[in-house]
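Q: Quick one: sequence plus predicted model below, questions after.
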Amino acid sequence: MKYRILSDEELEVFAEDLKHFLIVNGVHGEEWEEMNKVNPEKAVQLVELFSDTVLQIVYEKIKFIEHRSATSCLVFHLKSDEVEMISLNAKPESAVDLSTPESIHEALVNQPSELTVFKTSKPYTKERELEIHQMLEQGCVNSTESFWQALVKLV
């Protein structure tokens, strides 16, 4: 597997796509049911291949992600050849909370002296989508271009 197997909930969302994927791969309804009983390893391999295909498409479309904690907010712009990052950090001993959009806004407006902000970039060290997968597995979540642009204005 390149990424991970989709969860049951995710597979439910993509049920119709999975059905079409199986048909394209020569597996129809009754054959699928039979495969799950007789050769579950083969069925799992097909689901793994489907999962990788879906995640590849999803990761290709992701442009912005972020990772927040009480003391930091990292926002990433995932370009085709490099990743840019803007980092907001609460200064040590600060009471600033950066874990929600509201608290970030509050800190930027009312306590900017309690924050350090910097921007950097780096080329990908492996395939772009693999790096995105790894970052999501480490707790990053989708973000927006508007949030990124607002932070760019600060830097």
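A: Everything's here; your move.
Q: just the helices in the protein please.
A: 8-13, 15-24, 29-38, 40-61, 101-110, 128-137, 145-154 (DSSP state H).
Q: and those, which is most packed in?
A: Highest mean neighbour count among the helices of the chain (mean count of other C-beta atoms under 10 Å): helix 128-137, with a mean of 17. Glycine gets a C-beta too; all of them are placed from N, C-alpha and C.
Q: how does this structure divide up, domain by domain?
A: Split into domains by automatic domain parsing, the chain comes to 8-61, 64-154.
Q: what's the nearest residue to the residue nearest the centre of the chain if we skip its chain neighbours?
A: For the chain, the residue sitting closest to the mean C-alpha position, by C-alpha atoms, centre = their mean, is residue 136 at 4.0 Å. Spatially, and ignoring its direct neighbours in sequence, residue 136 is nearest to residue 65 (6.9 Å; C-beta to C-beta, 6 or more residues apart in numbering).
Q: could you dump the helices of the chain to JSON lines with mean pLDDT and distance to residue 77?
A: Shown next, in JSON lines, are the helices of the chain (pLDDT from 0 to 100; distance: least, C-beta to C-beta, whole Å):
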{"stretch": "helix 8-13", "mean pLDDT": "94", "distance to residue 77": "26"}
{"stretch": "helix 15-24", "mean pLDDT": "93", "distance to residue 77": "29"}
{"stretch": "helix 29-38", "mean pLDDT": "90", "distance to residue 77": "41"}
{"stretch": "helix 40-61", "mean pLDDT": "95", "distance to residue 77": "14"}
{"stretch": "helix 101-110", "mean pLDDT": "90", "distance to residue 77": "17"}
{"stretch": "helix 128-137", "mean pLDDT": "96", "distance to residue 77": "12"}
{"stretch": "helix 145-154", "mean pLDDT": "92", "distance to residue 77": "6"}
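Q: Residue 72: which of the ones you listed is closest?
A: Ranking the helices of the chain by their distance to residue 72 (criterion: C-beta to C-beta) puts helix 101-110 first, at 10.4 Å.
Q: which residues does the nearest residue to residue 3 once chain neighbours are set aside contact?
A: Using C-beta to C-beta, 6+ apart and skipping residues adjacent in sequence, the residue nearest residue 3 is residue 55, 4.4 Å away. Residue 55 makes contact with 2-4, 6, 129, 133 under the criterion C-beta atoms under 8 Å, 6 or more residues apart in numbering.
Q: Same question for residue 35.
A: For residue 35, counting by C-beta under 8 Å, 6+ apart, the contacting residues are 27, 42-43, 46.
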